[in-house]
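Novice: Please work out how this folds:
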Amino acid sequence: MYRILKRLYNYHFSEHKNFVRRLNSLVKYKPLNPLLFKLAFFHKSSLNERATHMDSNERLEFLGDAILSSVVAEYLFKKYPNSHEGFLTKMRSKIVKRKTLNIMADKIGIDELLQEFNNTQLTSSMMGNALEAFLGAIYLECGYKKTKNYVINNLLREYINIHDLETSDDNFKSQLLEWCQKHGKDVGYTVLSKFKMDHRDRFKVAVLIDGEEVATAEDFNKKSAEQMASSKAIADLGIHSEIREMLNAQFE
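Specialist: Prediction:
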């Protein structure tokens, strides 16, 4: 009863009521502790020099990432009782990877909350990170069971077409690796430069095949830059059709 009354108070009378109402309209959740959820949308790039990691959403993001991975693993384990570990691992990777979370957060409208609490240019990765931080906040407030129910009912069933994911694959780094292994080639990645942009680290990455630079890309996230470079490498090498045949063979 206390939790119900507290949520009603936060929604109608609290000094944070405008935030609570906006949060509820976007993500269908009324928080008990509005300050905890405000923190979930505060990115480190907006901190001043005297602030610490405790003042941003990084720790909540770390927690939410772990909880999301666990929930998705259990969900897939029960949904595909006859599937092998490799298939389940790939499916989980497709759901929890940064690109999927960024798209999901964008559809939900996470950017509206980020714009309220940050004075820096928003990126797609910031939205996915904030979504994970939000899940971390739910876990701290409600525990694993209710967080799991929220993820399944409000995220997976609303925004993920699980059947389309079964035959799709945009993990370009993995595709390039499999192609190189098939042809006896070595593939690697190197950071060409790391610099600041909008108070954030930005990485320029090159993909190397047999020690030769094939393509480069840059992003605020090193893994994302590697994916972008891999996609460019696949295009530059003209091996789209061969990779498509490799992927189709996995589902035959």
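Novice: which residues sit in contact with the spatially closest residue to residue 219 that is not a sequence neighbour?
Specialist: Using Cβ to Cβ, 6 or more residues apart in numbering and skipping the chain neighbours, the partner closest in space to residue 219 is residue 225 (4.1 Å). Every C-beta, even on glycine, is put in place using the N, C-alpha and C of the backbone. Counting by Cβ atoms under 8 Å, 6 or more residues apart in numbering, residue 225 makes contact with 203-205, 217-219.
Novice: got a winner among those for most neighbours?
Specialist: When neighbours are counted by other Cβ atoms under 10 Å, residue 205 leads the contacts of residue 225 with 24 neighbours.
Novice: Could I get the contacting residues of that one?
Specialist: Contacts of residue 205 by Cβ under 8 Å, 6+ apart are 189-192, 216-218, 222, 225-226, 229.
Novice: That one is in what secondary structure piece?
Specialist: Residue 205 is located in strand 200-209, with elements delineated by DSSP states H and E.
Novice: quick one: strands adjacent to that strand?
Specialist: Strand pairing for strand 200-209, using DSSP bridges, gives strand 187-197 (antiparallel), strand 212-219 (antiparallel).
Novice: so which of the ones you listed comes closest to residue 233?
Specialist: Checking these against residue 233 by Cβ to Cβ gives strand 212-219 as the closest, at 4.1 Å.
Novice: who's in contact with the one helix or strand residue 70 maps to?
Specialist: Using DSSP H and E, residue 70 sits within helix 58-79. With contact meaning Cβ under 8 Å, 6+ apart, helix 58-79 is reached by 39-40, 44, 53, 83, 88, 91-92, 95-96, 129-137, 139-140, 144, 147-148, 151-152, 156, 162.
Novice: That one: what's the following helix or strand?
Specialist: Note on helix 58-79: by DSSP H and E, the next helix or strand toward the C-terminus is helix 85-96.
Novice: tell me the angle that following helix makes with helix 58-79.
Specialist: 140 degrees (axes from the mean of the first three to the mean of the last three Cα atoms, to 10 degrees).
Novice: And helix 85-96, what's buried?
Specialist: In terms of neighbour count (16 or more other Cβ atoms under 10 Å), helix 85-96 has its buried residues at 88, 90-92, 94-96.
Novice: Pick out the lowest-pLDDT one from the contacts of residue 225.
Specialist: In terms of pLDDT, the lowest of the contacts of residue 225 is residue 219, showing 89.
Novice: Is that residue bridged to anything, and to what?
Specialist: Going by DSSP bridges, residue 219 is paired in beta bridges with residue 203.
Novice: The closest residue to residue 199 other than its chain neighbours: how many residues sit nearby?
Specialist: If you skip the residues right next to it in sequence, residue 199 has residue 45 as its closest partner in space, 4.6 Å away by Cβ to Cβ, 6+ apart. If you count neighbours by other Cβ under 10 Å, residue 45 ends up with 19.
Novice: Give the full set of residues in contact with residue 45.
Specialist: 118, 120, 198-200.
Novice: Can you select the buried ones from the contacts of helix 58-79 in PyMOL?
Specialist: Command for PyMOL that selects the buried part of these, burial taken from 16+ other Cβ under 10 Å:
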select buried, resi 39+40+44+88+91+92+95+96+129+130+131+132+133+134+135+136+137+139+140+147+148+151+156
